[in-house]
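In: Test case, fold it:
(chains A and B)
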Protein chains: 2
Amino acid sequence: MFTLYSMQRSGNSYKARLALAQLGIPYRLVEIDILKGDSHTPEFLMKNPNGQVPLLEVAPGRYLAESNAILWYIAGGTPLVPDDRIDRAEALQWMFFEQHSLEPNLGAAYFWLTLIKGGRDLQSHAIEDWMEEGHRALGVMEKHLSVHDYFAADCYSIADIALYAYTHVAHLCGYDLAAFPAVRAWLARVTAAPRYVTMDFNPTAAIPAL
Amino acid sequence: MFTLYSMQRSGNSYKARLALAQLGIPYRLVEIDILKGDSHTPEFLMKNPNGQVPLLEVAPGRYLAESNAILWYIAGGTPLVPDDRIDRAEALQWMFFEQHSLEPNLGAAYFWLTLIKGGRDLQSHAIEDWMEEGHRALGVMEKHLSVHDYFAADCYSIADIALYAYTHVAHLCGYDLAAFPAVRAWLARVTAAPRYVTMDFNPTAAIPAL
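Out: As a prediction, this is how the structure comes out:
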């Protein structure tokens, strides 16, 4: 059985929990509160030298880091990964876009402006860039979603899970989604997917195996 | 035949050119000078709404963006992608690390401090973060490379190509690699790989098919 090291309030961790729930894969959960330093203990750094969650133990003593690599691994061979080779690469394209253009802005804003007391003052030099670049990334998503229901292969996939994690909390940290109607419609489609769970879903509750 | 839209001085574009050269895959090259606005013409934005290079035409009218998704696509089924499923996910893990933790710092520093006249003044608010976070990322790589020759599956792969692109120009934009001997040894290993080409390699010269 997988062991997932995850922080409940982390969007990156939520990706893994959402995919595991939707695939009906049982797992053991270890809560790592990065705000309390849990991800920088010597024991955790042995598992992930980058000191980040989520982290998935995929085989005894073998750990996989980076939320989107974890998504790729757990969803391999399931309907959450497109069959066609170009479609699969397109799913990856959007997942790299997420880690490069969306998460560093929306994720950083979410972390510092909603989870960290005094974060707005500590990061005052960066917020303008997060807002500008984040809205730009949302614009790229809006353009795609105005002619597609989902990001890759026109079906719900791990690319949608990756992009949903921070987009669905964007309104909590200063982003205005009013100008992005296609993004809002897509957010609603994701919440309507089978076995959808919210970010605060407690994964220690039993997940029925498929 | 693939068409690659690439900027010669872009590290992200170099990844695709290096992998195509090492795999002996012939392709047509279109130089896109982002500094001259080539990536924001209406014609280019039709191909990639994110306005970035590299961009690969993988089938007539079908375009793949994001350098690491391109690497994944062109190297699929070759020795540059590990066979084992966990090893493959580990390659992806390092490629996501590259786009999230390395490229936004080393890549941004390279772009603004070496390619853009007056970039240091324009980005003075961001440089300290780029340096701190970039050195932190190099530290994570150093830790891995002190016990491994390469990033995934202990063999040369697209993960190395992805991480090499901006690490090999880090010294040009303020990063000090003196404290990272394992990273320096790995850089030398990459340059010794078969069919290695430098960033200024002119890909319009004929590449012999394997």
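In: make it CA atoms for all contacts and neighbour counts henceforth
Out: Noted.
In: could you point out which element follows the helix of greatest length in chain A?
Out: Criterion DSSP state H: the longest helix present in chain A is helix A:127-145. Using DSSP states H and E, the helix or strand that follows helix A:127-145 towards the C-terminus is helix A:158-167.
In: List the contacts of that following helix.
Out: A:11-12, A:14-15, A:18-19, A:68, A:71-72, A:75, A:80-81, A:91-92, A:94-95, A:98, A:102-103, A:106-107, A:110, A:150-152, A:187, A:190 (Cα atoms under 8 Å, 6 or more residues apart in numbering or on different chains).
In: I'd assumed residue A:83 was in contact with residue A:75.
Out: No: with contact defined as Cα atoms under 8 Å, residue A:75 and residue A:83 do not form a contacting pair (11.7 Å).
In: what about these two, which has more around it?
Out: Between residue A:75 and residue A:83, counted using other Cα atoms under 10 Å in any protein chain shown, the more crowded position is residue A:75 (20 against 13).
In: Check the offset of stretch A:150-164 from the chain's centre.
Out: On the basis of Cα atoms, centre = their mean, to the nearest Å, stretch A:150-164 sits 12 Å off its chain's mean C-alpha point.
In: Please apply the same query to stretch A:37-47.
Out: Computed by Cα atoms, centre = their mean, the chain-centroid distance of stretch A:37-47 equals 21 Å.
In: For it, list every residue counted as buried.
Out: Within stretch A:37-47, the residues that count as buried by 16 or more other Cα atoms under 10 Å in any protein chain shown are A:38, A:39, A:40, A:44, A:47.
In: Stretch A:168-182 now?
Out: A:168, A:169, A:170, A:173, A:174, A:175, A:177, A:180, A:182.
In: among those, which are in helices?
Out: Here DSSP H is the test, and the buried residues of stretch A:168-182 give residue A:182 as lying in helices.
In: Distance to residue B:158 and pLDDT added to the buried residues of stretch A:168-182, as a markdown table?
Out: Formatted as a markdown table, the buried residues of stretch A:168-182 follow (distance: Cα to Cα, whole Å; pLDDT from 0 to 100):
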| residue | distance to residue B:158 | pLDDT |
| --- | --- | --- |
| A:168 | 32 | 98 |
| A:169 | 33 | 98 |
| A:170 | 33 | 98 |
| A:173 | 36 | 94 |
| A:174 | 37 | 94 |
| A:175 | 35 | 97 |
| A:177 | 37 | 97 |
| A:180 | 35 | 98 |
| A:182 | 35 | 98 |
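In: Most widely separated two among the buried residues of stretch A:168-182?
Out: Using Cα to Cα, the buried residues of stretch A:168-182 span at most 19.8 Å, a distance reached by A:173 and A:182.
In: Am I right that residue A:199 sits in a helix?
Out: No: going by DSSP: H, G, I helix; E, B strand; the rest coil, the assignment for residue A:199 is coil, not a helix.
In: Local confidence estimate at residue A:49?
Out: Here, the pLDDT recorded for residue A:49 equals 95.
In: ugh, wrong one, residue A:207
Out: Confidence score, pLDDT, at residue A:207: 47.
In: For chain A, which residues are neighbours of chain B?
Out: Contact residues, chain A versus chain B (Cα under 8 Å from any Cα of the partner chain): A:49-50, A:58, A:64-66, A:68-70, A:72-73, A:85-86, A:89-90, A:92-93, A:96-97, A:99-100, A:104, A:125-126, A:137, A:140, A:143.
In: Swap in 6 Å and give it another go.
Out: Contact residues (Cα under 6 Å from any Cα of the partner chain) of chain A with chain B: A:50, A:66, A:69, A:73, A:89, A:92, A:93, A:99, A:100, A:140.
In: Next, the contact list for the first one, please.
Out: Remark: with contacts taken as Cα atoms under 6 Å, 6 or more residues apart in numbering or on different chains, residue A:50 is in contact with residue B:140.
In: which SS class is it?
Out: What three-state DSSP gives for residue A:50 is coil.
In: Could you check how far it is from residue B:184?
Out: Applying Cα to Cα, to the nearest Å, the value for residue A:50 to residue B:184 is 19 Å.
In: same question, residue A:164
Out: According to Cα to Cα, residue A:164 and residue B:184 sit 38 Å apart.
In: and if you look at residue A:20?
Out: From residue A:20 to residue B:184 the distance is 39 Å (Cα to Cα).
In: more neighbours, these two?
Out: Per other Cα under 10 Å, whichever of residue A:20 and residue B:184 has more neighbours is residue A:20, with 21 against 16.
In: where along chain A do the strands fall?
Out: Taking DSSP state E, the strands of chain A run over residues A:2-6, A:27-31, A:55-59, A:62-65.
In: Could you dump these into CSV with mean pLDDT and mean neighbour count added?
Out: Below are the strands of chain A laid out as CSV (pLDDT from 0 to 100; neighbours: other Cα atoms under 10 Å in any protein chain shown):
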stretch, mean pLDDT, mean neighbour count
strand A:2-6, 96, 21
strand A:27-31, 94, 16
strand A:55-59, 97, 20
strand A:62-65, 98, 20
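In: In a markdown table, list those along with distance to residue A:196.
Out: Conversion of these to a markdown table gives the following (distance: least, Cα to Cα, whole Å):
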| stretch | distance to residue A:196 |
| --- | --- |
| strand A:2-6 | 18 |
| strand A:27-31 | 17 |
| strand A:55-59 | 20 |
| strand A:62-65 | 23 |
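In: Residue A:121 is nearest to which of the ones you listed?
Out: Taking Cα to Cα, strand A:2-6 is the member of the strands of chain A nearest to residue A:121, at 27.2 Å.
In: May I see the domains of chain A written out as residue ranges?
Out: The record's domain split for chain A, according to automatic domain parsing, is A:2-75, A:85-191.
In: what about the last one, start to end distance?
Out: In other words, domain A:85-191. Distance across domain A:85-191, first residue to last, is 27 Å (Cα to Cα).
In: gap between it and the chain center?
Out: Computed by Cα atoms, centre = their mean, the chain-centroid distance of domain A:85-191 equals 9 Å.
In: The shortest one now?
Out: What separates the centre of domain A:2-75 from the centre of its chain is 11 Å, taken as Cα atoms, centre = their mean.
In: again, but for stretch A:180-193
Out: Relative to its chain's centre, stretch A:180-193 lies at 15 Å (Cα atoms, centre = their mean).
In: List the buried residues in that stretch.
Out: Neighbour counts over stretch A:180-193 (16+ other Cα under 10 Å) mark A:180, A:182, A:183, A:184, A:186, A:187, A:190 as buried.
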